[in-house]
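Asker: no sequence for this one, just the structure:
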C-alpha cells in the first residue's frame, strides 16, 4: 500500500475509529464533538484563521474519502467516519455568535454538557434518520462527495436545531 493510500485510509477511518465492529458512525462522531468545540472556541478569537483551518480539514477529509472509495471500490463504507467527524463539528459553528459565554471557564459545567449532548444527539439523529436533503443526497449522489455531503448537511441541520433550542433557552431564561 502506498503512503498516500495509508494516509487517506487513516484520515477516512479517523485513525482507525471507523474499524470499530459496533456503531462506527457513533464512535466516529465523538472526535467531531471536540474538534467542533475547539474550532468554535477559536473562532471567537480569530475567525479567519479557524475558518481557514475548517475549510482545509473539510478538503483533507473529502480527499481521504476519494482515496478510500477508489481503493476499495465501495461507496459510503461504514469504516469511513471522517464524514461523521466533520459533520458533527459543523453543529458547533454557530456557538461563538449565539452563545459566546459558553466558552468562558466560569460557565457551569452542566450547561456545556447539555450543549455537547444536544449537538451529539441531534447530529446522530439526522445522520441516522436522514430527513429531507440528507436522505436525498444519500439516495442520489453515489460519489465520494455524496458520502461526505450527507453528513455535512446533517451537521448543518444539527446546528440549526441547536440554534433554535439555545435561542428559546435565552429567550425564556
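Answerer: Now that the structure is in, tell me what you want to look at. Keep in mind the model is a prediction, meaning the values are calculated, not measured.
Asker: so where's the chain uncertain?
Answerer: Along the chain, no part satisfies pLDDT under 70.
Asker: in the top helix by length along it, what counts as buried?
Answerer: For the chain, the helix reaching the highest residue count under DSSP state H is reported as helix 144-172. Neighbour-count burial for helix 144-172 flags 144, 146-159, 161-163, 166 (criterion: 16 or more other Cβ atoms under 10 Å). For glycine as for every other residue, the C-beta is placed from the backbone atoms N, C-alpha and C.
Asker: Neighbours of residue 106, how many?
Answerer: A count of nearby residues for residue 106, using other Cβ atoms under 10 Å, gives 5.
Asker: oh sorry, the question was meant for residue 134
Answerer: The burial count for residue 134: 23, using other Cβ under 10 Å.
Asker: one step back: tell me which strands and helices the longest helix of the chain is in contact with?
Answerer: helix 47-72, helix 82-90, helix 95-98, helix 109-129, helix 132-140 (3 or more Cβ pairs under 8 Å, 6 or more residues apart in numbering; DSSP states H and E).
Asker: Starting from residue 62, give me the distance back to residue 55.
Answerer: 11 Å (Cβ to Cβ, to the nearest Å).
Asker: So for these two, which residue has more residues nearby?
Answerer: residue 62 (21 against 10).
Asker: Leaving out sequence neighbours, find the closest residue to the more buried one.
Answerer: residue 148 (5.2 Å; Cβ to Cβ, 6 or more residues apart in numbering).
Asker: isn't that neighbour right up against residue 64?
Answerer: No - with contacts counted by Cβ atoms under 8 Å, residue 148 stays clear of residue 64, the gap being 9.4 Å.
Asker: overlap in contacts of the two?
Answerer: Residues touching both residue 148 and residue 64 (Cβ atoms under 8 Å, 6 or more residues apart in numbering) are residue 82.
Asker: burial count for residue 26?
Answerer: 16.
Asker: residue contacts, the closest residue to it other than its chain neighbours?
Answerer: Spatial nearest neighbour of residue 26, chain neighbours left out: residue 124 (6.2 Å); criterion: Cβ to Cβ, 6+ apart. For residue 124, the contact set (Cβ under 8 Å, 6+ apart) comprises 25-26, 29.
Asker: Can you tell me which of these comes closest to residue 105?
Answerer: residue 29 (25.2 Å; Cβ to Cβ).
Asker: so which helix or strand takes in that closest one?
Answerer: helix 24-45 (DSSP states H and E).
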